[in-house]
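*Asks:* I would like to see how this sequence folds:
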Amino acid sequence: MWYNTDMKNFISKDYLLTTDFARELYHRYAEGEPIIDYHCHLPPREIAEDKRWNDIAEVWLGGDHYKWRQMRSNGVPEEYCTGSVPGREKFMKYAETMEKLVKNPLFDWSHLELKRYFGVNGRLSSATAAKIWDKCNAVVKSEGFSARQLMVKSNVEVVCTTDDPDDNLEWHSKIAKSFKEVKVLPTWRPDRILKEALLKRKDPMKHLAERHDYFAKHGCVLSDTASRRFLRREGSRIFLSNV
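*Replies:* Okay, here's the model as predicted:
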């Protein structure tokens, strides 16, 4: 049975690895491989400045829309997701949400994060939240717990951020000069400009081409978009096209 109710041994080295074949594949082949992340939402500025955080709520819930989505789905008011409520209160609300997430991937994801980065081995719930809050915050305030050091600890080799075409990529330039352990590259995300062009029926192609070349000079080789409608040009006329 994959679900272990033993608090002291909840996250073992074979967590979720339920067969000999799974354990061999992970421990023999996958475990030591570096992370090459083609899509992430890490803020380049935080990497450039080697950001540190005030508490676990800031680093763990501050920008994780997957956790926000689950909180909203469980009736948690928005002020506890993206609002100005104190971090401890946000953390407590997420702990309550965890009690409803068994067999949801976020349940495993969250507990693996707590184990690997904060040394928490037990289950997060409303009953354990206060103790886990204190333990995690001691780790957050410890030496070496920073944006860059977390990437190094995670064996990250490459990450590609998500960047607007009009971004000047200054933070990427600073990262390239001062952080050699991990390659951090921009990713072309044209959604905003495409949406504005669709609303105004304007052709943004010349501007996008110029920005595309600028991104390429900064190492960008990837594009990412959530748009489902695009502009299509035929001669001097602009049309809307669906994906």
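
*Asks:* Show me the helices in the chain, by range?
*Replies:* Listed in chain order, the helices of the chain (DSSP state H) span 20-24, 44-48, 56-60, 65-73, 87-98, 105-118, 129-140, 147-153, 170-178, 191-200, 205-217.

*Asks:* Return the list of helices and strands in contact with the longest one.
*Replies:* For helix 105-118, the packing partners by 3 or more C-beta pairs under 8 Å, 6 or more residues apart in numbering; DSSP states H and E come out as helix 65-73, helix 129-140. Quick note: C-beta positions are derived from backbone N, CA and C, even for glycine.

*Asks:* The same query, at a cut-off of 10 Å, please.
*Replies:* With contacts taken as 3 or more C-beta pairs under 10 Å, 6 or more residues apart in numbering; DSSP states H and E, helix 105-118 sits against helix 56-60, helix 65-73, helix 87-98, helix 129-140, helix 147-153.

*Asks:* Now do the residue lying closest to residue 62 once chain neighbours are set aside against residue 97, distance only.
*Replies:* Spatial nearest neighbour of residue 62, chain neighbours left out: residue 53 (7.7 Å); criterion: C-beta to C-beta, 6 or more residues apart in numbering. Distance, residue 53 to residue 97, by C-beta to C-beta, to the nearest Å: 21 Å.

*Asks:* Verify the stated contact: residue 10 with residue 115.
*Replies:* Yes: applying C-beta atoms under 10 Å, one finds residue 10 in contact with residue 115, separated by 8.1 Å.

*Asks:* Contacts only, for the residue nearest to residue 183 when sequence neighbours are not counted.
*Replies:* Nearest residue to residue 183, sequence neighbours excluded (C-beta to C-beta, 6+ apart): residue 158, at 4.6 Å. Residue 158 makes contacts with 34-38, 182-185, as judged by C-beta atoms under 10 Å, 6 or more residues apart in numbering.

*Asks:* give me the low-pLDDT residue ranges for this protein?
*Replies:* Residues of the chain meeting the criterion pLDDT under 70: 1-9, 201, 227-243.

*Asks:* Go again with 80.
*Replies:* Applying pLDDT under 80 to the chain flags residues 1-10, 197-203, 227-243.
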